[in-house]
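*Asks:* The following block contains a protein sequence and its predicted model.
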Amino acid sequence: EFCWDEIKKHNRQDDAWMVIDNQVYDVTSFLEKHPGGSMLLMGAGRQEGHQLFLSHHPLYVTKGYSKMLEKYFIGTVLEKTLYKSSEQTAFYDTVKRRVEAYFSERKITPRDSTLMYVKLMFTLCIYVVLYLALNITFAHEYSVMWFLVTMLFGWSVYNIGVNVMHDGNHGGFSNSPFLNRFAGYCFEFMGGSSYVWQMIHSIGHHVHTNVEERDPDIHVNDPHFRRIQDSQPYYFWYRYQHLYLPLAYTTLIFEFAFRDVMAMVKGGWGGMSFQPATPMDYFIFVLAKLWYGFYQFYLPLFVFHVSPWHVFFTYVLSNMVGSFLLVIMFQVNHVTEEALRFHVTSNDQVSKDWAISQIEGSTNFCAGSVFWNHFTGGLNHQIEHHLFPTISHVHYPAIAPIVRECALEHQVRYYSYESFWQALSSHFSLLYRLSLPSSS
């Protein structure tokens with residue numbers, strides 16, 4: 001038997017242990033054989049490994065893994081897991097079986113959709129065309145057309161994030177690990193880091209969805225610039241948070257430069273620790289930041305000869321638009337009145353079935369809408385995304401009724417707003433309620 005302090009030491013490429021349902025496996029020699037590439041390493045030595053395993057594999061693997069991994073078995077874990085295993089229900093098995101049947105009956109793959117490759121080319125071409133337009137056609141003017149093109153360029157940054165990068169970094173873009181990495185690295189076009197994003201989002205947020213003590217997406221320090229948890233102490237500036245937060249939401253992309261560097265130095269962010277970065281991770285991180293600075297600032301200033309003030313205004317305005325769209329689309333899925341919150345109990349567990357917590361801690365909007373599914377990259381089907389992160393978002397409108405039907409059968413709370421405006425209103429309703437001193 002092993003304790004978690006010992007297991008956590010084995011989280012590197014050359015020494016990787018994985019814990020699945022309290023069974024410990026030494027998967028070091030299996031890493032290169034893993035069909036999902038190095039994504040297996042994300043759960044190595046982590047208590048989150050079991051949930052990552054469940055959500056990233058089909059049912060025949062999650063039910064038959066003990067035989068597949070038998071030769072890698074080295075023992076069991078002493079301490080309890082993150083979620084109370086005894087409360088696991090049949091819900092996730094049922095919904096996975098029906099969703100997998102949907103794909104097999106139609107002889108289609110959950111990934112490798114032709115539409116996704118079209119979206120990749122379309123998305124990147126729009127970005128490049130708008131970039132050239134701003135640095136050539138509108139390089140020396142402050143006109144209405146310059147303003148509109150700059151706003152559109154900001155949308156194109158957001159579009160890369162939700163329609164290409166998001167699927168790629170979840171392994172849901174393609175059956176090829178290489179193409180998933182390529183799509184994921186599009187995040188570097190936005191000034192971000194795929195490595196940092198996977199640590200914070202894929203491990204931190206997706207495993208600990210709306211668990212106030214563990215989810216880095218709703219992590220708050222004391223004091224904080226916003227109040228989104230009932231348990232937060234009250235400060236006078238919260239009284240106006242529903243008014244000033246829309247402006248704060250325009251700063252996300254600017255934050256990437258600061259946050260990513262600090263996260264790499266500290267080896268963690270938002271209350272969670274990262275997997276050890278490899279030399280290649282550091283190399284790509286530095287190279288990507290240099291490339292971003294080169295094409296965002298050096299080329300406009302010294303190749304296209306755009307004035308510094310024009311570069312500044314174009315960069316700030318476009319990224320304010322991109323940031324606002326990204327933040328809003330994330331907030332209306334989890335930081336709403338209807339998305340439930342969870343807590344770690346005294347025994348350091350969440351007393352909830354993990355899959356059910358994914359549904360009850362998320363909210364959909366405009367479910368089934370083709371337009372909103374493409375505009376948000378499937379984020380409007382947040383429930384389906386959290387249950388099936390490796391399924392391409394182009395399939396979410398089709399599988400949403402299956403998930404909803406299973407939820408009703410198993411008496412699981414499934415909440416979907418009829419419109420985006422309802423979801424947005426719920427988010428600001430929460431902000432307003434928690435802005436009042438009486439909410440303490």
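*Replies:* Structure received.

*Asks:* In the protein, where's the longest helix?
*Replies:* Longest helix in the chain, counting residues (DSSP state H): helix 308-334.

*Asks:* Flag every buried residue along it.
*Replies:* For helix 308-334, burial by neighbour count (16 or more other Cβ atoms under 10 Å) applies to 310-311, 314-315, 317-334. C-beta coordinates here come from the backbone N, C-alpha and C atoms, glycine included.

*Asks:* Over to stretch 119-128?
*Replies:* So stretch 119-128, judged by 16+ other Cβ under 10 Å, has buried residues K119, L120, T123, L124, I126, Y127.

*Asks:* quick one: which of those residues is nearest E360?
*Replies:* Minimum distance to E360 across these is 30.5 Å, recorded for K119 (Cβ to Cβ).

*Asks:* Please, which helix or strand holds the closest one?
*Replies:* helix 114-132 (DSSP states H and E).

*Asks:* Please apply the same query to D260.
*Replies:* helix 252-266.

*Asks:* Check which helices and strands that helix sits against.
*Replies:* Contacts defined by 3 or more Cβ pairs under 8 Å, 6 or more residues apart in numbering; DSSP states H and E place helix 252-266 against helix 194-197, strand 268-269, helix 279-293, helix 308-334.

*Asks:* Let's have these in TSV, adding distance to L252.
*Replies:* Shown next, in TSV, are the helices and strands packed on helix 252-266 (distance: least, Cβ to Cβ, whole Å):
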stretch	distance to L252
helix 194-197	12
strand 268-269	14
helix 279-293	15
helix 308-334	4
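
*Asks:* Quick check: buried residues in the next helix or strand after the helix holding K119?
*Replies:* Where DSSP H and E defines the elements, the next helix or strand beyond helix 114-132 is helix 144-160. Residues of helix 144-160 classed as buried: W146, V149, T150, L152, F153, G154, W155, S156, V157, Y158, N159, I160 (neighbour count, 16+ other Cβ under 10 Å).

*Asks:* Return the member of these nearest to R259.
*Replies:* Nearest member of the buried residues of helix 144-160 to R259, counting by Cβ to Cβ, is V157, at 16.6 Å.

*Asks:* where's the nearest residue to A398 once chain neighbours are set aside relative to S392, distance?
*Replies:* Computed as Cβ to Cβ, 6 or more residues apart in numbering, the closest residue to A398 that is not its neighbour in sequence is Y102, at 7.0 Å. Separation of Y102 from S392 (Cβ to Cβ, to the nearest Å): 13 Å.

*Asks:* Neighbour count for the two, which is higher?
*Replies:* Counted by other Cβ atoms under 10 Å, Y102 and S392 do not tie: S392 has more neighbours, with 21 against 16.

*Asks:* show me what contacts that one?
*Replies:* Neighbour list for S392: P110, R111, D112, S113, M116, D167, G172, F173 [criterion: Cβ atoms under 8 Å, 6 or more residues apart in numbering].

*Asks:* The same query, at a cut-off of 7 Å, please.
*Replies:* P110, R111, S113, M116, D167, G172, F173 (Cβ atoms under 7 Å, 6 or more residues apart in numbering).

*Asks:* Strands of the stretch 301-440 of the chain, residue ranges please.
*Replies:* Secondary structure of the stretch 301-440 of the chain (DSSP state E, counting those that start in this stretch): strands at 364-365, 416-417.

*Asks:* Average pLDDT for the last one, rounded please.
*Replies:* Right, the one you point to is strand 416-417. Averaging pLDDT along strand 416-417 yields 98.

*Asks:* Sheet partners, orientation included, of it?
*Replies:* strand 364-365 (parallel) (DSSP bridges).

*Asks:* Pull the distance from the partner strand to the chain's centre.
*Replies:* 16 Å (Cα atoms, centre = their mean, to the nearest Å).

*Asks:* likewise stretch 281-293?
*Replies:* That offset, for stretch 281-293, works out to 21 Å (Cα atoms, centre = their mean).

*Asks:* list the buried ones in it?
*Replies:* Buried, per 16+ other Cβ under 10 Å, within stretch 281-293: D281, I284, F285, A288, K289, Y292.

*Asks:* need the contact list for the residue nearest to A398.
*Replies:* Here Y102 is in contact with A398, I399, I402 (Cβ under 7 Å, 6+ apart).

*Asks:* same question, A355
*Replies:* F91, Y92, L387.

*Asks:* okay, now S273: neighbour count?
*Replies:* 15.

*Asks:* Make sure it is actually in contact with A263.
*Replies:* No: the criterion here is Cβ atoms under 7 Å, and S273 misses it with A263 at 10.4 Å.

*Asks:* Which pLDDT does the model give A367?
*Replies:* 96.

*Asks:* Would you mind giving both backbone torsions of it?
*Replies:* phi -60, psi 130 (degrees, to the nearest 10).

*Asks:* Look at it and say how many residues are nearby.
*Replies:* A367 - counted by other Cβ under 10 Å - has 22 other residues nearby.

*Asks:* wait, doesn't it sit right on Y415?
*Replies:* No: assessed by Cβ under 7 Å, A367 is found out of contact with Y415, at 10.2 Å.

*Asks:* Quick one: the contacts of A355 as CSV, columns for neighbour count and distance to M199 too.
*Replies:* Shown next, in CSV, are those (neighbours: other Cβ atoms under 10 Å; distance: Cβ to Cβ, whole Å):
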residue, neighbour count, distance to M199
F91, 19, 28
Y92, 22, 24
L387, 25, 21
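
*Asks:* Could you tell me which residues make contact with the nearest residue to T251 once chain neighbours are set aside?
*Replies:* Closest residue in space to T251, ignoring its immediate chain neighbours: S323 at 5.9 Å, by Cβ to Cβ, 6+ apart. By Cβ under 7 Å, 6+ apart, S323 lies in contact with Y249, T250, T251, L252, I253.

*Asks:* Kindly recompute the last result at 8 Å.
*Replies:* S323 touches Y249, T250, T251, L252, I253, F254, counting by Cβ under 8 Å, 6+ apart.
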